[in-house]
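Visitor: can you look at this prediction? I've put the sequence above it.
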Amino acid sequence: MIYLDHAAATPVSDKALKAMEPYFSRDFFNPSAAYLPAKRVAADYERAKGEIAHAIGAKATDIVMTGGATEANNLAFTALDNQMRSLTASVLYLETEHDSVRAVAEKYNGMAIRVLPNGLIDLDDLKAKITDETMLVSASLANNELGTIQPMAEISAILKNIKIDRLKRGIKQPLYLHSDASQALNLLDINVSRLGVDMLTLNAAKVYGPKGVGALYVAHDVKLSPISVGGGQELGLRSGTENVPGAIGFAAAIKEAKEHLNGNRKRYAKWKQTLLKELRDYELINKKHTLDNFVVLCYSGIDAERLIYLLEDREVYVATGAACAASKGQKSHVLAAIGLSDAQIAGSLRLTLGETNDEEQIHMAAQIINEVVDAEKERVHG
Ligand code: PLP
């Protein structure tokens, strides 16, 4: 098998799996219980949170563990529930965001910020759409269909100037910056202060940790509302018994990801070049400003969905766009946003490289994709 869909899911690493195992059985205790073994588990859980926080330059107390990135993104938007009485709060989000941001932003009547044809945020559109009511701007650090890396520090600087101007005019409405770093954690050296974000979404499932485990970094001055109420865990924002093995596995995975960051980036960049050299008759869609492991190609006149099934027959697994949009048979809103025609969108393939690959697989994948595309062209055009 050649798996080229690491943006959709990553296998849990051996280290993460091993680290988690005792917490399913021997150390199963509820961290809230009063006796010593449970207190030890509570301490291990806090240590894991500290390690996750450390990986992004934050503290354990800044982290709210969640059941994945969807939940973290939803939690971030509860900042709008605490709006100032005098003003209604509004939210801006990038039009290419993952559905877990788009859907919650729509719930809060959010307005979309445009992207440029290269997938980067249109900063002029951002500036034009910010009003005194804007309380939250959400832009993912790296897009999940193109790998496009957004200039967070630049966005943050713009917001900072607006905040200074608001203060001068006596307007107290806060202005928060949230970023979904689900896809970036593995490939970028992330530091919340450097990025200038107030909230950052993390996803264990994309960094060789367990699925259904995520976290939201929250700066001290951001007030959020609970997404679940009950026992008061996670600062009262996400009640429910802590997923101890999940947090432990995430901490181990994130630590490993940090250690391998530079080596992996080099390997993926090299493999990407190999693919671009050995593949034939494609148009490269994500040319610049993208994560090293994302290769998005367009085969004009070809139905990429058919390619996926034909490649599956050869045990090569690739994607068209986001796994969730594809499974619903929807056209990619991301590829439409960067100006691709319907025909180009229909012919687009997303290959995302990762730990399961090696050099030989990359050559093999290029060869198999070429063969399958040639056969499909022959079938369509004769
Ligand atoms: N945000 C981004 C950028 C993603 O790629 C994903 C996963 O596909 C999510 C959010 C949602 O993550 P989860 O399904 O783990 O909640």
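Guide: Yep, it's here. Numbering: from 1, shown residues only.
Visitor: every contact and neighbour count from this point should use C-alpha atoms.
Guide: OK.
Visitor: centroid-nearest residue for the chain?
Guide: residue 182 (2.3 Å; CA atoms, centre = their mean).
Visitor: how many neighbours does residue 169 have?
Guide: Residue 169 has 9 neighbouring residues, counting by other CA atoms under 10 Å.
Visitor: and what of residue 137?
Guide: By the criterion of other CA under 10 Å, residue 137 has 27 neighbours.
Visitor: ok, it - contacts?
Guide: 91-93, 175-178 (CA atoms under 8 Å, 6 or more residues apart in numbering).
Visitor: most neighbours among those, which one?
Guide: Result: residue 178 is most packed of these (other CA under 10 Å), 27 neighbours.
Visitor: what bridges to that one?
Guide: Beta bridges link residue 178 to residue 138, residue 199, judged by DSSP bridges.
Visitor: how about it, what does it touch?
Guide: With contact set as CA under 8 Å, 6+ apart, residue 178 has these partners: 76, 136-140, 197-201.
Visitor: at 7 Å instead, please
Guide: By CA atoms under 7 Å, 6 or more residues apart in numbering, the contact list for residue 178 reads 137-139, 197-200.
Visitor: and those, which are buried?
Guide: By neighbour count, with 16 or more other CA atoms under 10 Å, the contacts of residue 178 hold 137-139, 197-200 as buried.
Visitor: adding pLDDT and distance to the ligand, write these out as CSV.
Guide: What follows is the buried ones among the contacts of residue 178, written out as CSV (pLDDT from 0 to 100; distance: CA to the nearest ligand atom, whole Å):
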residue, pLDDT, distance to the ligand
137, 98, 15
138, 98, 12
139, 98, 10
197, 98, 16
198, 98, 17
199, 98, 14
200, 98, 11
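Visitor: output those as CSV; include the columns distance to residue 150.
Guide: Output for the buried ones among the contacts of residue 178, formatted as CSV (distance: CA to CA, whole Å):
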residue, distance to residue 150
137, 13
138, 11
139, 7
197, 12
198, 16
199, 15
200, 13
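Visitor: mind checking the SS state of residue 128?
Guide: With DSSP: H, G, I helix; E, B strand; the rest coil as the basis, residue 128 sits in helix.
Visitor: quick check: it vs the ligand, distance?
Guide: With distances taken as CA to the nearest ligand atom, to the nearest Å, residue 128 is found 25 Å from the ligand.
Visitor: tell me how many other residues crowd that residue.
Guide: Using other CA under 10 Å, residue 128 has 9 neighbouring residues.
Visitor: likewise for residue 109?
Guide: Around residue 109 there are 13 other residues, counting by other CA under 10 Å.
Visitor: ditto for residue 213
Guide: Residues near residue 213, counting by other CA under 10 Å, number 24.
Visitor: does it touch residue 246 like I think?
Guide: Yes - between residue 213 and residue 246 there is a contact under CA atoms under 7 Å: 5.9 Å.
Visitor: tell me which element residue 155 falls in.
Guide: helix 152-168 (DSSP states H and E).
Visitor: same check, this time on residue 145
Guide: If you go by DSSP H and E, residue 145 is not part of any helix or strand.
Visitor: swap in residue 343?
Guide: helix 342-346.
Visitor: now what about that helix, what contacts it?
Guide: Contacts with helix 342-346, where a contact means CA under 7 Å, 6+ apart, come from 298, 300-301, 303-304, 335.
Visitor: 8 Å - rerun?
Guide: Contact with helix 342-346 is made by 298-305, 331-332, 335-336, as judged by CA under 8 Å, 6+ apart.
Visitor: ok, those vs the ligand, which is closest?
Guide: Using CA to the nearest ligand atom, residue 332 comes nearest to the ligand of those, at 13.5 Å.
Visitor: burial check on the closest one, number of neighbours?
Guide: Look at residue 332: counted by other CA under 10 Å, it has 20 neighbours.
Visitor: now swap in residue 335 and tell me
Guide: The number of residues packed near residue 335 is 22, by other CA under 10 Å.
Visitor: just the endpoints, please. Distance across stretch 208-228?
Guide: 27 Å (CA to CA, to the nearest Å).
Visitor: can you give the distance of that stretch from its chain's centre?
Guide: 13 Å (CA atoms, centre = their mean, to the nearest Å).
Visitor: now that stretch: buried residues?
Guide: Buried residues in stretch 208-228, counted by 16+ other CA under 10 Å: 208-219, 224-225, 227.
Visitor: quick one: residues contacting residue 337.
Guide: Applying CA under 8 Å, 6+ apart, one finds that residue 337 lies in contact with 95-96, 114-115, 117, 119.
Visitor: so what are the domain limits for the chain?
Guide: Using automatic domain parsing, the domains assigned to the chain come out as 2-10+261-381, 14-258.
Visitor: now the element after the one helix or strand in the chain whose mean pLDDT sits lowest, going C-ward?
Guide: Within the chain, confidence by mean pLDDT, DSSP states H and E is lowest for helix 323-327 among all helices and strands, at a mean of 52. Using DSSP H and E, the next helix or strand after helix 323-327 towards the C-terminus is helix 333-337.
Visitor: what about that next one, average pLDDT?
Guide: The pLDDT scores in helix 333-337 average 95.
Visitor: hmm, that helix touching the ligand?
Guide: No - Helix 333-337 is not in contact with the ligand by CA under 6 Å from any ligand atom; minimum separation 11.8 Å.
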